[in-house]
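Engineer: how would this look folded up:
(one chain, ligands or ions: 2)
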Amino acid sequence: MTDPKFNLTVLISGNGSNLQALIDACGTSALPSTRITHVISNRIKAYGLTRAKNASIPTTYHNLVAYKSKHPSNPEGIAAARTEYDADLAKLILDSNPRPDVIVCAGWMHILTPDFLNPIAEAGIKVINLHPALPGEFAGAGAIERAWEAGRKEGLKRTGVMIHEVIAEVDAGDAIVTAEVPLKEAETLDDLEERIHKIEHELIVEGTRKTLES
Ligand SMILES: Nc1nc2c(c(=O)[nH]1)N[C@@H](CN(C=O)c1ccc(C(=O)N[C@@H](CCC(=O)O)C(=O)O)cc1)CN2
Ligand SMILES: NCC(=O)N[C@@H]1O[C@H](COP(=O)([O-])[O-])[C@@H](O)[C@H]1O
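Structural biologist: Numbering: from 1, shown residues only. Ligands and ions are numbered 1, 2, ... in the order given. As a prediction, this is how the structure comes out:
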């Protein structure tokens, strides 16, 4: 059997249900001739690491705490730690064989700085991110809850999910694919999260495929 045409590196921080959606899609008509060759987590307890190991995908735990411990715990020291961390994350990926065609942030809860983005872009590797909101709305962490609150308090009628290009400004990169999610009156946050996660699992596959095809 010939090697898959496309290679993915997936960055995670948690449960990994979106990683699982990608694992399940690889090699099917949804993500043809594609394989995940590396999963990297910034959290050692991320269940997504177990999902990757169960799928025989190489994993790396890239630990920011180890970098912070080498610097003073003041703003300058933390900035220096993040610079080193991000530069080493880029090296980790650029030194891998095969290199990825696309890096997918799938619940990756770490803001990437130009120390990562620049060397990756120079290598011609695209970085995309799953964000549970529509372009220009609820950037950053906790987007689902913030939309749910806006539905209750401000009458927001819909939120959404997008896969977007990753740039230095958080969640501001061009949208690759989006899906609107209507907000339902008196719906619990858990129920909204469940509806949104189902859409995420479809959109992350579609967004990755569109990126590979572009
Ligand atoms: N430069 C970019 N980095 C990242 C982007 C992006 O668009 N540009 N997308 C995010 C994912 N994300 C939302 O989609 C997001 C993740 C995390 C945070 C955040 O505030 N992180 C904190 C730490 C939070 C924690 O560890 O619990 C931080 O990094 O200080 C905001 C947005 C991925 N990165
Ligand atoms: N800003 C990005 C963000 O908030 N992403 C959120 O992280 C979750 C990861 O779930 P998973 O680990 O089960 O894939 C996703 O469901 C998504 O809503």
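Engineer: The helix of greatest length in the chain close to ligand 1?
Structural biologist: When the chain is parsed with DSSP state H, its longest helix is helix 189-213. No: contact of helix 189-213 with ligand 1 (CB under 6 Å from any ligand atom) is absent, the minimum separation being 11.0 Å. All C-beta atoms are positioned from the backbone trio N, CA, C, and that covers glycine.
Engineer: which of the residues in that helix are buried?
Structural biologist: Using 16 or more other CB atoms under 10 Å as the test for burial, helix 189-213 gives 192, 195-197, 200-201, 203-209, 211-212.
Engineer: Now for those residues: which two are most distant?
Structural biologist: 192 and 212 (30.2 Å; CB to CB).
Engineer: Tell me the helices and strands packed up against the longest helix of the chain.
Structural biologist: Packing contacts for helix 189-213, counted by 3 or more CB pairs under 8 Å, 6 or more residues apart in numbering; DSSP states H and E, involve helix 17-25, strand 34-41, strand 102-105, strand 126-131, helix 143-154, strand 158-165, strand 175-182.
Engineer: Let's see that with 7 Å instead.
Structural biologist: Other elements packing on helix 189-213 under the criterion 3 or more CB pairs under 7 Å, 6 or more residues apart in numbering; DSSP states H and E are helix 17-25, strand 102-105, strand 126-131, helix 143-154, strand 158-165, strand 175-182.
Engineer: could you give the angle of that helix to strand 175-182?
Structural biologist: For helix 189-213 against strand 175-182, the angle by axes from the mean of the first three to the mean of the last three CA atoms, to 10 degrees is 160 degrees.
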